[in-house]
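Asks: predicted model follows, preceded by the sequence.
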2 protein chains.
Amino acid sequence: MASRDYGQYSGITRAMELVGERWALLIVRDLLVGPRRYGELAAELPRIPSNILAARLKELQAAGVIRRAPRSRVILYELTPYGRELEPVVLALGAWGFRALDDPREEQLISAESMTMDLRSAFRASVARELPATAYEARFGASGGTELLIRVDGSELDVASGGGPGDVAFSIAGGAGIRQLITGELDAEQAIATGVVELRHGDKSLLGRFADTFHLAA
Amino acid sequence: MASRDYGQYSGITRAMELVGERWALLIVRDLLVGPRRYGELAAELPRIPSNILAARLKELQAAGVIRRAPRSRVILYELTPYGRELEPVVLALGAWGFRALDDPREEQLISAESMTMDLRSAFRASVARELPATAYEARFGASGGTELLIRVDGSELDVASGGGPGDVAFSIAGGAGIRQLITGELDAEQAIATGVVELRHGDKSLLGRFADTFHLAA
DNA sequence: CCGCATCCCATGTGATACTG
DNA sequence: CAGTATCACATGGGATGCGG
């Protein structure tokens, strides 16, 4: 029932037995953003087969990582307190993997949940606290297909999909460009000059503010 | 060739594609202790099939996580600089999983490498710096089969297998007891009183020092 | 020996279809 | 909507082989 074990008495080994199966940590990642329904998870994890999702949800419940939210009219999955303590793991993985990303490909989904966690792993709360509250609108993806609204207010960060015409300080578009900005491969000046980031609204200083707020250094 | 992808443009997803396959992070964990030969890895990861080990080593090389050590007479695997940056991930996983351990079972191996990383994830350098250098001898495992020599000197930590009769400040034995000590479920006093930790040499204050040096709180 | 490669079978995964 | 059921296929596990 519990995942095959590694035959070793060790913390890392135990962690891999509990959340090391394929898809498991991605489910945890999405639930770190907030409780989710079965169908929402299936949509955010586009290629997960339904039987695998069902199996993982059961295993993660048995492992004490997630639970069905009590007192909820619909079926909602949420992290247990112990599961929420996986946040440092997910953030560390995100920070590491983000720097290995290349240009987004056409078929790759960019979900609000995944970008939320990526941006959280790059978020420098101490820097953001010194800056005025800002809302950024960003379009990601090869075709610019995914639209996100990123709101930063002090050390608070919120990401929602589908910008819509809110009162947005500026909006940017670009696939790899935004990643290069965050990893520091390019600064705001260069990003605009080389065209990898398109500034659709607002001025360049706001792009610099974005790069200051979200930064992943080696 | 590269692992099946998740169809998503995200740092966590990318990380899972690079090091998310079964056994991969355990190989990384052991290499965080130091370069290793193929046979050493196979011995430390007792149940890994040889074809899987060979496959993972290739994949991790292709991913830029490990490499064969150059200028070495024998074949040695070591982490690349980028691979070494997985240390926060492994430590976070170890800290999380350690608290989900139960009593060690008879068949479970306790390797010096895995305990080294577990102890590193629990190691409080700032605390240790204030304490005198100490060498601990510990026997883990259901049958007390694994003997480790743990040396702490300032913020330096070293773990070796097979204690031997060095000049050891004290020695302890116990399986889950040592974990309970580290997680704070028991303090040194209780651990000895209830018999979950057996103090074979040295005095109780040294056990308290151990618990101060290695601590994983919720 | 050490560092793998091969074989074979059990199990896990993925795609699709289906049901309460 | 929230899962099961089914089946083809990929991967993992264990034993064994084999060249340098």
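Replies: Cool, got the structure. Note that the coordinates shown come from a computational prediction; the quantities given were computed from them, not determined experimentally. Residues are numbered from 1 along each chain as shown, chains lettered A, B, ... in the order given.
Asks: identify the residues contacting the helix or strand bottoming out on mean pLDDT in chain A?
Replies: The weakest-scoring helix or strand in chain A, judged by mean pLDDT, DSSP states H and E, is strand A:170-173 (a mean of 72). Applying C-beta atoms under 8 Å, 6 or more residues apart in numbering or on different chains, the external contacts of strand A:170-173 come out as A:136-139, A:144, A:163, A:178, A:197-203, A:206-207, A:210. C-betas here are computed from N, CA, C, even on glycine.
Asks: the same query, at a cut-off of 6 Å, please.
Replies: Residues from elsewhere that reach strand A:170-173, judged by C-beta atoms under 6 Å, 6 or more residues apart in numbering or on different chains: A:E137, A:A138, A:R139, A:G144, A:V197, A:E198, A:L199, A:R200, A:H201, A:G202, A:L206.
Asks: right, is the next helix-or-strand element following it up against chain B?
Replies: Per DSSP states H and E, the first helix or strand lying C-terminal to strand A:170-173 is helix A:176-183. No - Helix A:176-183 stays clear of chain B (C-beta under 6 Å from any C-beta of the partner chain), getting no nearer than 8.9 Å.
Asks: to the chain's geometric centre, what's the distance from helix A:176-183?
Replies: From the chain centre to the centre of helix A:176-183 is a distance of 15 Å (C-alpha atoms, centre = their mean, to the nearest Å).
Asks: ditto for stretch A:114-127
Replies: 8 Å.
Asks: endpoints of stretch A:160-171, how far apart?
Replies: With C-alpha to C-alpha, to the nearest Å as the measure, stretch A:160-171 spans 14 Å from end to end.
Asks: how close does A:G34 sit to B:V19?
Replies: To B:V19, A:G34 is 27 Å away according to C-beta to C-beta, to the nearest Å.
Asks: higher neighbour count, those two?
Replies: It is B:V19, of A:G34 and B:V19, that has more neighbours when counted by other C-beta atoms under 10 Å in any protein chain shown, with 25 against 12.
Asks: ok, for the more buried one, nearest residue in space, not its chain neighbours?
Replies: Excluding the flanking residues, the one nearest B:V19 by C-beta to C-beta, 6 or more residues apart in numbering or on different chains is B:L25, at 5.5 Å.
Asks: correct me if wrong: that neighbour contacts B:A15.
Replies: No - B:L25 lies out of contact with B:A15 (C-beta atoms under 6 Å); the separation is 10.0 Å.
Asks: how many residues are close by whatever residue of chain A ends up closest to DNA strand C?
Replies: Residue of chain A nearest DNA strand C, by C-beta to the nearest atom of the strand: A:P49 (3.5 Å). Residues near A:P49, counting by other C-beta under 10 Å, number 11.
Asks: now do A:F210
Replies: A:F210: 26 surrounding residues under other C-beta under 10 Å.
Asks: how much space separates it from A:T116?
Replies: A:F210 is 15 Å from A:T116, where distance means C-beta to C-beta.
Asks: again with A:L149
Replies: Distance of A:L149 to A:T116, computed by C-beta to C-beta: 11 Å.
Asks: now do A:D203
Replies: Distance, A:D203 to A:T116, by C-beta to C-beta: 26 Å.
Asks: which one's more surrounded, those two?
Replies: For A:D203 versus A:T116, neighbours defined as other C-beta under 10 Å are more numerous around A:T116 (24 against 10).
Asks: what's the end-to-end length of stretch A:140-160?
Replies: Its start and end residues considered, stretch A:140-160 measures 13 Å (C-alpha to C-alpha).
Asks: nope, stretch A:64-76 is what I was after
Replies: Stretch A:64-76 end-to-end distance (C-alpha to C-alpha) = 15 Å.
Asks: any residue of it up close to chain B?
Replies: No - Stretch A:64-76 lies apart from chain B when judged by C-beta under 6 Å from any C-beta; the minimum separation is 7.7 Å.
Asks: other residues contacting that stretch?
Replies: A:P35, A:R37, A:L60, A:Y77, A:E78, A:L79, A:T80, A:Y82, A:G83.
Asks: could you identify the most distant pair in the residues you listed?
Replies: Maximum pairwise distance in those, criterion C-beta to C-beta, is 21.7 Å, between A:R37 and A:Y82.
Asks: count the residues that sit near A:A160.
Replies: Per other C-beta under 10 Å, the neighbour tally for A:A160 reads 14.
Asks: bridging residues for it?
Replies: Following DSSP bridges, A:A160 is listed with bridge partners A:L149.
Asks: quick one on the thing from earlier: quick one: the least confident helix or strand of chain A to chain centroid distance?
Replies: Put simply, strand A:170-173 sits 19 Å off its chain's centre (C-alpha atoms, centre = their mean).
Asks: walk me through which strands that strand pairs with, and which way each runs.
Replies: Under the criterion DSSP bridges, strand A:170-173 sits next to strand A:134-140 (parallel), strand A:198-201 (antiparallel) in its sheet.
Asks: pick the most deeply packed of the ones you listed.
Replies: Counting by mean count of other C-beta atoms under 10 Å in any protein chain shown, strand A:134-140 has the highest mean neighbour count of these, with a mean of 21.
Asks: helix A:176-183 and that one, what's the angle between them?
Replies: 130 degrees (axes from the mean of the first three to the mean of the last three C-alpha atoms, to 10 degrees).
Asks: now do strand A:134-140, average pLDDT.
Replies: Averaging pLDDT along strand A:134-140 gives 85.
Asks: which of the contacts of stretch A:64-76 fall within helices?
Replies: Taking DSSP state H as the definition of helices, the contacts of stretch A:64-76 contribute A:L60, A:Y82, A:G83.
Asks: list the contacts for the last one?
Replies: With contact set as C-beta under 6 Å, 6+ apart, A:G83 has these partners: A:V65, A:I66.
Asks: do that again at 10 Å, thanks
Replies: The contact partners of A:G83, by C-beta atoms under 10 Å, 6 or more residues apart in numbering or on different chains, come to A:18-19, A:27-28, A:31-32, A:60-61, A:63-67, B:96.
Asks: buried subset of those residues?
Replies: A:L18, A:V19, A:I27, A:V28, A:L31, A:L32, A:L60, A:A63, A:V65, A:I66, B:W96 (16 or more other C-beta atoms under 10 Å in any protein chain shown).
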